[in-house]
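Q: After the sequence you'll find the predicted model.
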Number of protein chains: 2
Amino acid sequence: MAIKKAFSRISRRALLAGLAGAPALSKLSLSTQAIAAAPDDPLPSWVDGPSKNVILDLVKATTDQASPNFVTPEARIATFDQDGTTWVEHPIYTQVVYCLERVPIVVKARPELKNVEPFRTVLSGDREAIAKLSLKDLEKIATVTLFGMTVDQFRADVEKWIAVAKHPRWDRLYTELTYQPMLELMRYLRAKDFKTYIVTGGGQDFVRTYSYRVYGIPPDQVVGTAGGVKYGYDKSGKPILTKEPRLLLNDNFAGKPEGIHLEIGARPVIAFGNSTGDREMLEYTKGGDGARAALLVLHDDAAREYAYGPAQGLPDTKVGTFTQALYDEATKNGWHIVSMRNDWRKVFAFER
Amino acid sequence: MAIKKAFSRISRRALLAGLAGAPALSKLSLSTQAIAAAPDDPLPSWVDGPSKNVILDLVKATTDQASPNFVTPEARIATFDQDGTTWVEHPIYTQVVYCLERVPIVVKARPELKNVEPFRTVLSGDREAIAKLSLKDLEKIATVTLFGMTVDQFRADVEKWIAVAKHPRWDRLYTELTYQPMLELMRYLRAKDFKTYIVTGGGQDFVRTYSYRVYGIPPDQVVGTAGGVKYGYDKSGKPILTKEPRLLLNDNFAGKPEGIHLEIGARPVIAFGNSTGDREMLEYTKGGDGARAALLVLHDDAAREYAYGPAQGLPDTKVGTFTQALYDEATKNGWHIVSMRNDWRKVFAFER
């Protein structure tokens, strides 16, 4: 099951927190916004300092023809995890919210599910009961909401949902909760002839519905957890592809470099992540010859976004876990930690 | 087994023909070269006529902003089958030649295989005996030559081989046996902001080693039959990806649109093939809204290349079969047949 791993990373507590409402928006931390960026700065939301320099130095080393680490444009690959790296993942993954909110619509089309668990519980709206659903229940929900339809139907459904679905804390569209520094970085890398890819543990088909609009990344540059599809025909004889609950790629942990090989076929020059699920992608990236960079976003900014680790004594979480072991490994291996609190002038585009 | 399907399409006779040497180069048919192309013609190797017009009309309809069928650049997807569509596939697929020629090197590293069938037969050099090998034998050969090594080792091996391996008929590198009209077409489409993809029944990892150099197509725009890889570490602790004999995608027949969904995530606007293995890709392409084009190369030119079908009374073949049923379906559904003999001024760049 494609969604199984994603769900397995979500504790009941996290789910409960997400469903039971979210903390009020705290006062913005303005400390990192004190110094304005230079007018020609390609990364104005990044504070001048080590994190920004890691990026600028890597780009210089790989794009300057005189550099011993020059990389030809077709090999300039940059990969970004999505949840927690390019947009908000707390209190629960956006795609899980989609699955739960999709249940009433599925039941309308398949009324036989109405009185069957776990659908009955989801329909009840009882958030505490929903948060107590087992992993197996959540898998059943994923199966009816993510598989069985054509890829065109799925795309249309997600597009409709994501156009209006809002995050409870900010009361803003999920797609507005992308990190401004990462959007700038993607644009900057593309201007330097890098190809930018999303490499996400989330569903490939899900993310592809909005990736171009939100990140400027076309569907073929989104690698994600992917199930098989089956070619067939509708009643009128038109060819269709139907989504099957058959896992082809679990794009988490070791699955990330495996997925990169399958769908990109070249090793990244620079990779960004934020959790243990990104560890192997960063390790694989740094394992290549020449200049390479691996960066991890640390969520240490409860005021502007969230604070979780448990690295560095931050609160523990099952959603986007950043362990102290990962922190130590990063430090030891020359991967760079990006502090959301200290390195980003702005987190969201809508901040003033 | 990734290679199983490819091998299953090769008859013993075809294999025998390939191994036993090839017909002498016949006199070039010059009939189609009589009229020189205009100096600003983007497709100079294409004879002016219906085939060329199908392409030019499609490009005009999808790239002219005033056209009702205008397609935004990020959705301009063009897919090309490889074997028989962009390069020579007769008398046997290039990758099968690689597998057979690779056996002595594998046995050198694994001498225990020396006296084991089918490796003993391949090592004997007895072409008639080799041609009699069973499908199961060929699978064993594929397993030791295509799997078990790291992706980097495999890439290095293929790069070394393809740099020198020659086709017996022309005594030229396989990579020189690409069709000049298709190379022009790829360049033309890219100049019109199309993304060009190879969608091949051949091995994805195999084709990716030379796709950029030969076609200008980077590895991530090659979709092919693909096995899984396993992330791990070498003795020094360096991360590696090992090729496993575990099929993820059989990129033939219905597998082509399925593979397009997996690795491209959007429906082609224009697709090119030459055999029954491309049927579903063309059908899927034409099944989309707006202007779409599907084209099939018919090998009807024994003088300059090969002649096989069995469509239109051409000789039958197991390598790149183009049945009369496919021909009739194409005619009925508005897919276009490209006659190699009549529509191409030049087949190869090296022709005078």
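A: That came through, no problem. Nothing here was measured: the structure is a model prediction, and the numbers come from that model. Numbering: from 1, shown residues only, chains lettered A, B, ... in the order given.

Q: now stretch A:261-268: how far from the chain's centre is it?
A: Computed by CA atoms, centre = their mean, to the nearest Å, the chain-centroid distance of stretch A:261-268 equals 18 Å.

Q: okay, how far is it across it, tip to tip?
A: 10 Å (CA to CA, to the nearest Å).

Q: pLDDT of that stretch, averaged?
A: Mean pLDDT, computed over stretch A:261-268, is 98.

Q: same deal with stretch A:77-91?
A: Rounded mean pLDDT across stretch A:77-91 is 98.

Q: A:A294: which element?
A: Using DSSP states H and E, A:A294 falls within strand A:293-298.

Q: next SSE after that strand?
A: helix A:324-333.

Q: what comes up buried for that next one?
A: In terms of neighbour count (16 or more other CB atoms under 10 Å in any protein chain shown), helix A:324-333 has its buried residues at A:326-327, A:330. Every residue, glycine included, has its C-beta placed from N, CA and C.

Q: Ok, stretch A:170-188 next?
A: A:170, A:174-175, A:177-186, A:188.

Q: which one among these gets closest to chain B?
A: Chain B lies nearest to A:M186 out of these, by CB to the nearest CB, at 14.5 Å.

Q: wait, that closest one sits on A:I217?
A: Yes - in this structure, A:M186 is within contact of A:I217 by CB atoms under 8 Å, at 7.3 Å.

Q: between the two, what contacts are shared?
A: Residues touching both A:M186 and A:I217 (CB atoms under 8 Å, 6 or more residues apart in numbering or on different chains): A:T196.

Q: for the stretch 51-200 of chain A, what spans make up the strands?
A: Counting by DSSP state E, counting those that start in this stretch, the stretch 51-200 of chain A has strands at residues A:77-80, A:166-167, A:172-173, A:195-203.

Q: for whichever residue of the stretch 251-352 of chain A sits closest to chain B, what are its contacts?
A: Closest to chain B within the stretch 251-352 of chain A is A:G265: 3.2 Å, counting by CB to the nearest CB. For A:G265, the contact set (CB under 8 Å, 6+ apart) comprises B:204-205, B:208, B:219-220, B:222.

Q: tell me which parts of the stretch 151-300 of chain A are close to chain B?
A: Contact residues, the stretch 151-300 of chain A versus chain B (CB under 8 Å from any CB of the partner chain): A:151, A:195, A:204-205, A:208, A:212, A:218-222, A:226, A:228-231, A:238-239, A:241, A:248-249, A:254-255, A:257-258, A:261-266, A:280, A:283-284, A:287.

Q: Okay, and which of those residues map to helices?
A: A:151, A:204-205, A:208, A:212, A:255, A:257-258, A:261-263, A:280, A:283-284 (DSSP state H).

Q: Give me the buried subset of these.
A: Buried among these by 16+ other CB under 10 Å: A:151, A:204-205, A:208, A:212, A:255, A:257-258, A:261-263, A:280, A:283-284.

Q: Work out for me the element A:D48 sits within.
A: Judged by DSSP H and E, A:D48 forms part of no helix or strand.

Q: quick one: it and B:D48, what's the gap?
A: Distance, A:D48 to B:D48, using CB to CB, to the nearest Å: 60 Å.

Q: end-to-end on stretch A:256-276?
A: Using CA to CA, the two ends of stretch A:256-276 sit 11 Å apart.

Q: next one: it to chain centre, how far?
A: 13 Å.

Q: which element is A:N342 on?
A: helix A:340-343.

Q: Can you give me the domain assignment for chain A?
A: Residue ranges for the domains of chain A, per automatic domain parsing: A:2-24+A:93-162, A:50-89+A:172-343.

Q: Quick one, which of those domains gets closest to B:W344.
A: domain A:50-89+A:172-343 (28.3 Å; CB to CB).

Q: Neighbours of the nearest residue to A:D278 once chain neighbours are set aside, how many?
A: Spatial nearest neighbour of A:D278, chain neighbours left out: A:D81 (4.9 Å); criterion: CB to CB, 6 or more residues apart in numbering or on different chains. Using other CB atoms under 10 Å in any protein chain shown, A:D81 has 28 neighbouring residues.

Q: Could you do the one 4 residues further on as well?
A: Other residues near A:T85 number 25, with proximity taken as other CB under 10 Å.

Q: Closest approach to chain B from the stretch 101-250 of chain A, which residue is it?
A: For the stretch 101-250 of chain A, CB to the nearest CB, closest residue to chain B: A:P219, 3.2 Å.

Q: if we can go back for a sec, got the buried residues of stretch A:170-188 as a markdown table, with pLDDT columns?
A: Output for the buried residues of stretch A:170-188, formatted as a markdown table (pLDDT from 0 to 100):
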| residue | pLDDT |
| --- | --- |
| A:W170 | 98 |
| A:Y174 | 98 |
| A:T175 | 98 |
| A:L177 | 98 |
| A:T178 | 98 |
| A:Y179 | 98 |
| A:Q180 | 98 |
| A:P181 | 98 |
| A:M182 | 98 |
| A:L183 | 98 |
| A:E184 | 98 |
| A:L185 | 98 |
| A:M186 | 98 |
| A:Y188 | 98 |
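
Q: So which of those residues sit within helices?
A: Per DSSP H, the buried residues of stretch A:170-188 map to helices at A:180-186, A:188.

Q: Show me which pair in those residues is furthest apart.
A: Pairwise over these, using CB to CB, the maximum falls at A:Q180 and A:Y188, 12.4 Å.

Q: Helix or strand with the lowest mean pLDDT in chain A?
A: One helix or strand of chain A scores below all others by mean pLDDT, DSSP states H and E: helix A:12-19, with a mean of 41.

Q: Show me the shaky parts of chain A.
A: A:1-36 (pLDDT under 70).

Q: try 50 this time
A: By pLDDT under 50, the weakly predicted segments of chain A are A:1-34.

Q: next one: stretch A:324-335 to chain centre, how far?
A: 21 Å.

Q: Dump that stretch to PDB, restricted to CA.
A: Only the C-alpha atoms of stretch A:324-335 are listed here, as PDB (Å, rounded to 0.1, in the frame of the first residue of the first chain):
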ATOM      1  CA  GLN A 324      19.400  14.000  17.100                       C
ATOM      2  CA  ALA A 325      21.200  11.100  15.400                       C
ATOM      3  CA  LEU A 326      20.400  12.600  12.000                       C
ATOM      4  CA  TYR A 327      21.600  16.000  13.300                       C
ATOM      5  CA  ASP A 328      24.900  14.400  14.500                       C
ATOM      6  CA  GLU A 329      25.300  12.500  11.200                       C
ATOM      7  CA  ALA A 330      24.700  15.700   9.200                       C
ATOM      8  CA  THR A 331      27.300  17.600  11.300                       C
ATOM      9  CA  LYS A 332      29.800  14.800  10.900                       C
ATOM     10  CA  ASN A 333      29.300  14.400   7.100                       C
ATOM     11  CA  GLY A 334      29.200  18.100   6.100                       C
ATOM     12  CA  TRP A 335      25.500  18.200   5.500                       C
END
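
Q: got a list of contacts for it?
A: Against stretch A:324-335 from outside (CB under 8 Å, 6+ apart): A:275-276, A:279, A:282-283, A:286, A:294-296, A:298, A:309-312, A:336-337.

Q: Drop anything exposed from the residues you listed.
A: A:275-276, A:279, A:282-283, A:286, A:294-296, A:298, A:309, A:311, A:336-337.

Q: closest to B:P73 among those residues?
A: Nearest member of these to B:P73, counting by CB to CB, is A:L295, at 30.0 Å.

Q: Wait, that closest one touches A:D343, no?
A: No - using CB under 8 Å, A:L295 makes no contact with A:D343, being 9.9 Å away.
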